[in-house]
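K.L.:
have a look; sequence and predicted model below, questions after that.
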Amino acid sequence: MERLQNFIDGAYCDPVKGQYIDNYEPASGKVYSQIPNSTEEDVELAVAAAEKAFPIWSSMSTTERSAIMVKLSEGIQARMDEFVQAESRDNGKPLSLAAHVDIPRAVSNFHFFATAIVHYASESHNMEGVGVNYTLRKPIGIVGCISPWNLPLYLFSWKIAPALAAGNCVVAKPSEITPYTSYLLGKVAKEAGMPDGVLNILHGEGKFAGDAIVKHPKIKAISFTGGTATGEYIARTAAPMFKKLSLELGGKNPNIIFADCDFKEMLSTTLRSSFANQGQICLCGSRIFVERSIYDKFKEEFVKRVDGTVVAHPNNPEAKLGAVVSKPHMEKVLSYVKLAKEEGGTVLSGGERVIVEGYEDGYYLRPTVIEGLSYDCRTNQEEIFGPVVTITPFDTEEEALMMANSTKYGLSATLWTSNLKRAHRIANELDAGIVWINSWLVRDLRTPFGGMKASGVGREGGWEALRFFTEPKNVFVKY
Ligand code: NDP
C-alpha cells in the first residue's frame, strides 16, 4: 500500500518516529494509503529547514519570488488530472467538482498572490513641515498554516500562497483526512525552483503535529482554518506566546429568500448553496428562511429538485453529490437528523444513508431538507457541516434578520430579493463577514474573506492576507 511522506527541506522523508495512520477512501470506505503520523520531532526538522531558508527567500527580490510561484501555479495546472483524481479520491467529492472548483482555484490562489506581491506597496504619511513616516512591511519569518479537509488543496494554498509571496517560510499541515494533494504539492514546488526549506509540508494528526506547530516558539504566526472548538484551543495556546493569529472557523449561514426574487435562479443556486461538496463548505447556506407568501411554492419545488438529486460514486459523471468525508462525519450528520426529529422537525427529503452498488461501505448520504423547527433549537444553532438544510417561513424583514443573526456564528449570508433598498439595508445589518446578494460563492480573490463572532478572527484574501503575513514597521524621518 502506498505510504505518503513528509516534505521537509526540499525532500520527501519518513516521519522520525516511523508511525503511520490509515487514509480512507470515502467513496468505498476502504483504506487506500498510509500517511505519516508526524510528531514534534518532525516539526522540529521542518522549523530548522525553514530557519535556514528564511534569509535566502526573504532577501530574494519580489519579482524572483513571484516567478517561482507562477511556475508553481503552472506546475499544478500541468498536472491538473493527477490533482483532480487525487482530491476526489481523498475527499469523496465528485470528480467534476474537483475539476471545476478545487484544483483550478488552487492554481488561481498561487497565481494571484504571485502577481499581487509585485504590486504590493507600503504606505507613507507626510506631516507637513515636520517630516515623513513610511511603513516597512517585512516578512514575519516562519509561519504555520493548518487547513481542513473540505476543500483540501484550495484552502491549503489560500494560506500558503500569501505566506510565501510575502517572503515567509512555511511549516504547513493539511488535514489528516485529506493529505494527498498537499503531498503532491512538494514535488511541484521543487520543480518550480522553490529553494529547499521554504515550504515544508507535514502530515498527521492535529493533536500531535498540529499542536506542535502551534506551540513551537520559532513559528511566529498561525493561519488556521477549521472548526471553532479547535480554533479556540489554538487561540488559547498561542496567545501567551504573542503569536499573530488568523482564524477561519465554522459557520451556520442563513439564506434569506424574499417573494420578489428571481425564483428560478434562486432555486437552482439554493440547491448548490445547500448541497455543493455534500454541504461541506463553510459557506453553504444551511438555514433557509423563506417569505411566507412563497413558502409552500418554494417547499414543493425545492423538495422535488432535492428528491431528484443524484448521489453516486464521485467518478460517475451524473453525481451531484459524492460521499461525505469520513465515517465519523457521516455518523455525526445522521445524529443531527435524529436530533432534528426529536426537536419536532419533519424530514421532507432525505435523512438517510445511500447504499451505492459496488461501494456498499462508502459514506453516502441523501441531501436532506427539514421543516417545522424553531429558529433557536440546536439543529438551527449548531454547525452540522453536511448535506442538511432546514427551511423556515418568515413574515417580516425584521423577523428574518433576527433569526438570521441568532447564532453564535457570523461567516456568510445569502439574500434573494429584487428590492435594491432592502438588499443594501439587510446586508448592512447581517452578522456576516461575507454577504451574497442574488448569488452564492462568487469569489474575487482581492476581497476580505472571513467571519465575525465565533466564525473567526481576522480576514484572508488580497491585501488583508499580505498584511497578516507581514510585520509593519513605521519609520519617521525629520525634514
Ligand atoms: P478541525 O478543526 O477538526 O481541523 C482543522 C485542522 O486543524 C486539521 O488540519 C486538523 O488536523 C488540525 N487540528 C486539529 N486539532 C488541532 C490542534 N489541537 N492543534 C493544531 N491543529 C489541530 O476542522 P475540520 O478539518 O473538521 O474542518 C471542518 C471545519 O472547518 C468546519 O467547522 C468548517 O466550518 C471549518 N471551515 C471554515 C472555513 C472558513 O473559511 N471559515 C472554511 C472551511 C472549513 P487533523 O484533521 O489531522 O486532526
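P.N.:
All right, it came through fine. Note that the coordinates shown come from a computational prediction; the quantities given were computed from them, not determined experimentally.
K.L.:
check what pLDDT Ser122 gets.
P.N.:
With respect to pLDDT, Ser122 scores 87.
K.L.:
just the element for it, please.
P.N.:
Assigned by DSSP states H and E, Ser122 belongs to no helix or strand.
K.L.:
check whether Thr390 sits in a helix, strand or coil.
P.N.:
Secondary structure state of Thr390, per DSSP: H, G, I helix; E, B strand; the rest coil, is strand.
K.L.:
surely it is in contact with Thr346?
P.N.:
No. Counting by Cβ atoms under 8 Å, Thr390 stays clear of Thr346, with 10.3 Å between them. All C-beta spots, glycine's among them, are computed from the backbone N, C-alpha and C.
K.L.:
which one of these two has more residues nearby?
P.N.:
Per other Cβ atoms under 10 Å, whichever of Thr390 and Thr346 has more neighbours is Thr390, with 22 against 12.
K.L.:
now do the contacts for the more buried one.
P.N.:
Shown in contact with Thr390 (Cβ atoms under 8 Å, 6 or more residues apart in numbering): 286-288, 340, 345, 369-371, 373, 379-380.
K.L.:
kindly confirm my reading that Gln34 is in a strand.
P.N.:
Yes. Judged by three-state DSSP, Gln34 forms part of a strand.
K.L.:
which residue is the nearest non-sequential neighbour of it?
P.N.:
In space, and not counting its chain neighbours, Gln34 is closest to Tyr20: 4.1 Å by Cβ to Cβ, 6 or more residues apart in numbering.
K.L.:
that neighbour pairs with what?
P.N.:
Pro36 (DSSP bridges).
K.L.:
returning to what we had before: joint contacts of Thr390 and Thr346?
P.N.:
Residues touching both Thr390 and Thr346 by Cβ under 8 Å, 6+ apart: 370-371.
K.L.:
which helix runs longest in the protein?
P.N.:
Counting by DSSP state H, the longest helix found in the chain is helix 40-59.
K.L.:
tell me which element the most centrally placed residue in the chain is part of?
P.N.:
Centroid-nearest residue in the chain: Leu155, 4.6 Å away (criterion: Cα atoms, centre = their mean). Secondary structure assigned from DSSP H and E places Leu155 in helix 152-165.
K.L.:
check Asn150 too.
P.N.:
Here Asn150 is assigned to no helix or strand, by DSSP H and E.
K.L.:
with adjacent residues omitted, what lies nearest to Phe112?
P.N.:
That would be Leu445: by Cβ to Cβ, 6+ apart, it lies 4.5 Å from Phe112.
K.L.:
Asn23 now?
P.N.:
Spatial nearest neighbour of Asn23, excluding adjacent residues (Cβ to Cβ, 6+ apart): Ser33 at 4.5 Å.
K.L.:
for that neighbour, report the pLDDT, please.
P.N.:
pLDDT for Ser33: 97.
K.L.:
distance check, it against Val43.
P.N.:
22 Å (Cβ to Cβ, to the nearest Å).
K.L.:
more neighbours: those two, which one.
P.N.:
Between Ser33 and Val43, counted using other Cβ under 10 Å, Val43 has the larger neighbour count: 30 against 18.
K.L.:
which ones among the contacts of Thr390 lie within helices?
P.N.:
Short answer: the contacts of Thr390 in helices (DSSP H) are 340, 379-380.
K.L.:
restrict those residues to contacts with the ligand.
P.N.:
When contact is defined as Cβ under 6 Å from any ligand atom, the ones in helices among the contacts of Thr390 do not meet the ligand at all.
K.L.:
among these, who's most crowded?
P.N.:
When neighbours are counted as other Cβ under 10 Å, the busiest of those turns out to be Ala340, with 25 neighbours.
K.L.:
now the nearest residue to it once chain neighbours are set aside: how far from Trp149?
P.N.:
Closest residue in space to Ala340, ignoring its immediate chain neighbours: Thr379 at 4.3 Å, by Cβ to Cβ, 6+ apart. Noted for Thr379: a distance of 23 Å to Trp149, by Cβ to Cβ.
K.L.:
do Ser66 as well
P.N.:
Taking Cβ to Cβ, one finds Ser66 at 30 Å from Trp149.
K.L.:
same deal with Arg467?
P.N.:
28 Å.
K.L.:
so which of those two has more stuff around it?
P.N.:
Each of Arg467 and Trp149 has its neighbours counted (other Cβ under 10 Å); Trp149 has more, 21 against 16.
K.L.:
retrieve the pLDDT associated with that one.
P.N.:
98.
K.L.:
tell me how far it lies from the ligand.
P.N.:
Trp149 sits at a distance of 5 Å from the ligand (criterion: Cβ to the nearest ligand atom, to the nearest Å).
K.L.:
could you do Arg366 as well?
P.N.:
Going from Arg366 to the ligand by Cβ to the nearest ligand atom gives 21 Å.
K.L.:
Leu247: which element?
P.N.:
Assigned by DSSP H and E, Leu247 belongs to strand 244-248.
K.L.:
what angle do that strand and helix 152-165 make?
P.N.:
Comparing the axes of strand 244-248 and helix 152-165 via axes from the mean of the first three to the mean of the last three Cα atoms, to 10 degrees yields an angle of 160 degrees.
K.L.:
so where's this protein uncertain?
P.N.:
Low-confidence regions of the chain, defined here as pLDDT under 70, do not occur.
K.L.:
now check stretch 32-44, is it near the ligand?
P.N.:
No. Figure legend: stretch 32-44 not in contact with the ligand (Cβ under 6 Å from any ligand atom); closest approach 9.2 Å.
K.L.:
any buried residues in that stretch, and which?
P.N.:
33-40, 42-43 (16 or more other Cβ atoms under 10 Å).
K.L.:
returning to what we had before: what's next to the longest helix of the chain, contact-wise?
P.N.:
Residues contacting helix 40-59 (Cβ under 8 Å, 6+ apart): 6, 8-10, 13, 15-17, 36, 65, 138-139, 141-142, 164, 167-171, 195-198, 200, 202, 204, 208-209, 212-213, 216, 218-219.
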